[in-house]
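Peer 1: sequence and predicted model, in that order:
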Amino acid sequence: MSDWLMSVPAFIVSIGLLVAIHEYGHFWVARRLGVKVLRYSIGFGHRVWGFTGRRSGIEYWLSAIPLGGYVKMLDEREGEVADADKPYAFNRQHPWRRIAIVAAGPGVNFVFAILAYWLVFMIGVAGIKPIIGNAPDGTLAASAGLRSGDEVVAVDDRAIGDWQDLRLTLLERGLDGDPVTLDVRAQSGTTRQVELDLTGVSADPEKLFDRLGLAPYQPPATPLIAQVVGDSAAQAADLRAGDEVRAVDGEATNSPQALVERIKARPGEKVVLAITRDGREIDVPVTLGEAQNDAGAAEGRLGAQIGVDAQAWQAMQTTRQLGPLAAVPAAVSKTWEVSALTLRLMTRMITGDVSWRNVSGPIQIANYAGQTASIGVEAFVGFLALVSVSLAVLNLLPIPVLDGGHLLYYSIEWIRGRPLSEAVQVAGQQLGMVALLMLMTLAFYNDILRLLG
């Protein structure tokens, strides 16, 4: 419940801010190009609060449904327009003016993302060093000779700063399906090059890293119970936050990963955990729960968040911080990379190479909003930048009812010298609405599946 107390306000602030920025792009360019604006609304549906500009006569609204917004402009297709006002109607404008007005919304989202990433780089981006853990047998990492404790310093001569950098870079290369060369530094300090052949490897983010066998290095440290989940095996056994788990049925656990692996291997079984609590060593019998993984196999479940003493992870942490000037090209580059990756993933979803399970809806976005807001300013601002890019890319898709669909119509009109027939435009709008509703339904479906685990 406490998570949602953070998630819901963070979601409303996030979506409200990004929609306001997007719609302000349309609003600002429309007014600069002489188009009469009637209303600027954040949200859809009935007005909750608002006012009317005394000089401009523009209505400024906050509406009931906070999942979007709109700018209503004078348009003869939507009602009668006085003769004196017709030169200021949107439909009377040259196609290039309409294109500029429509493109301004996504454009401002890209600008916001650049500014947000610039601020994040200025504050400092905290992350985990790209040191890899033990690669399971049969994975590409194991076949390539990567060893636990190896640090990836570059991928195809591109410097890698932290684990997120490594994930995004390999995900991007995975979409290409070509071999990649890793520059690796061993724990001894020696460096070498390792080749990972990504030919034929699934580009799906859910499957790529399992196939590669790459996971963050777990420094030797006794795992501890960070939080007990309600109505779980851990709660039934009276495990408590702060308990240090030293062994499972006599097998030592010197890392969170080792504990998780031992638990997963014993679905529904009764095990004995050797724990240390308040300086005392005690044995706790636990009857594990079980659940199915993505492959349909049963896995053991303890029902607790596993952590370690914070000191054990200090050596794994890294921070990337840039000055005001150096942060500018880094922010532009980051926005470009995220935009290109988002578009490529969307394209691969259409072709079936990437699962539609990666589509997230408002519930998942709210969850991420709450998590990042609880971590700190830089994480929340980085989240806003990512969602802003996603909003811009989604809106530029050539689907009627989205900005990209309008851009397509106006571009065709500019080239042909006349607009498409009204019947064609109406049919396109109907198809676009169906596609959008299907996408929203899928997003909600995926969110509900995630909530159900």
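Peer 2: That came through fine. Numbers count the residues shown, from 1 in each chain.
Peer 1: can you spell out the domain ranges of the chain, please?
Peer 2: Annotated domains of the chain cover 95-124+323-453, 140-218, 224-308 [automatic domain parsing].
Peer 1: now do stretch 28-47, average pLDDT.
Peer 2: Taken as a whole, stretch 28-47 carries a mean pLDDT of 94.
Peer 1: correction: stretch 253-269
Peer 2: Averaging pLDDT residue by residue across stretch 253-269 gives 87.
Peer 1: neighbouring contacts of it?
Peer 2: Stretch 253-269 has contacts (CB atoms under 8 Å, 6 or more residues apart in numbering) with 133, 215, 218-223, 245-249, 251-252, 271, 287-291, 298-302, 306-308. Glycine gets a C-beta too; all of them are placed from N, C-alpha and C.
Peer 1: hmm, which of those residues are the buried ones?
Peer 2: Buried members of those, counted by 16 or more other CB atoms under 10 Å: 133, 215, 218-219, 221-223, 245-248, 271, 288-289, 299-302, 306-308.
Peer 1: most centrally placed residue in this structure?
Peer 2: Central residue of the chain (CA atoms, centre = their mean): residue 386, 6.3 Å from the mean position.
Peer 1: for that one, list the residues it contacts.
Peer 2: Residue 386 is in contact with 113, 338, counting by CB under 8 Å, 6+ apart.
Peer 1: CA atoms only: put the helix or strand bottoming out on mean pLDDT in the chain into PDB for me.
Peer 2: Here the helix or strand of the chain ranked lowest by mean pLDDT, DSSP states H and E is helix 362-375, holding a mean of 70. Taking Å, rounded to 0.1, in the frame of the first residue of the first chain, the C-alpha atoms of helix 362-375 are listed here in PDB:
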ATOM      1  CA  PRO A 362      -0.100   3.200 -16.900                       C
ATOM      2  CA  ILE A 363       0.000   0.800 -14.000                       C
ATOM      3  CA  GLN A 364       3.600  -0.200 -14.800                       C
ATOM      4  CA  ILE A 365       4.600   3.400 -15.600                       C
ATOM      5  CA  ALA A 366       3.100   4.400 -12.200                       C
ATOM      6  CA  ASN A 367       5.100   1.700 -10.500                       C
ATOM      7  CA  TYR A 368       8.300   2.900 -12.100                       C
ATOM      8  CA  ALA A 369       7.400   6.500 -11.300                       C
ATOM      9  CA  GLY A 370       7.100   5.700  -7.600                       C
ATOM     10  CA  GLN A 371      10.300   3.600  -7.500                       C
ATOM     11  CA  THR A 372      12.400   6.300  -9.200                       C
ATOM     12  CA  ALA A 373      10.800   9.100  -7.100                       C
ATOM     13  CA  SER A 374      11.700   7.100  -3.900                       C
ATOM     14  CA  ILE A 375      15.400   6.700  -5.100                       C
END
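Peer 1: and the very next helix or strand once past that helix, how far out from the chain middle?
Peer 2: Once the chain leaves helix 362-375, the next helix or strand it forms, by DSSP states H and E, is helix 377-395. The chain centre lies 8 Å from the centre of helix 377-395; the measure is CA atoms, centre = their mean, to the nearest Å.
Peer 1: buried sites along helix 377-395?
Peer 2: By 16+ other CB under 10 Å, the buried positions in helix 377-395 come out as 378-395.
Peer 1: what's the distance between residue 353 and residue 175?
Peer 2: 8 Å (CB to CB, to the nearest Å).
Peer 1: ok, back up a step: need the domains of the chain in CSV with distance to residue 18, can you?
Peer 2: What follows is those, written out as CSV (distance: least, CB to CB, whole Å):
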stretch, distance to residue 18
domain 95-124+323-453, 5
domain 140-218, 21
domain 224-308, 30
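Peer 1: of all those, which lies closest to residue 13?
Peer 2: Closest of those to residue 13 is domain 95-124+323-453, at 7.8 Å (criterion: CB to CB).
Peer 1: which strand residues bridge the nearest residue to residue 226 once chain neighbours are set aside?
Peer 2: Nearest non-adjacent residue to residue 226, counting by CB to CB, 6 or more residues apart in numbering: residue 307, 3.7 Å away. Beta-bridge partners for residue 307, by DSSP bridges, are residue 224.
Peer 1: ok, residue 307 - contacts?
Peer 2: Applying CB under 8 Å, 6+ apart, the residues contacting residue 307 are 223, 224, 225, 226, 256.
Peer 1: the second one contacts residue 308, doesn't it?
Peer 2: Which is residue 224. Yes: counting by CB atoms under 8 Å, residue 308 is a contact partner of residue 224 at 6.3 Å.
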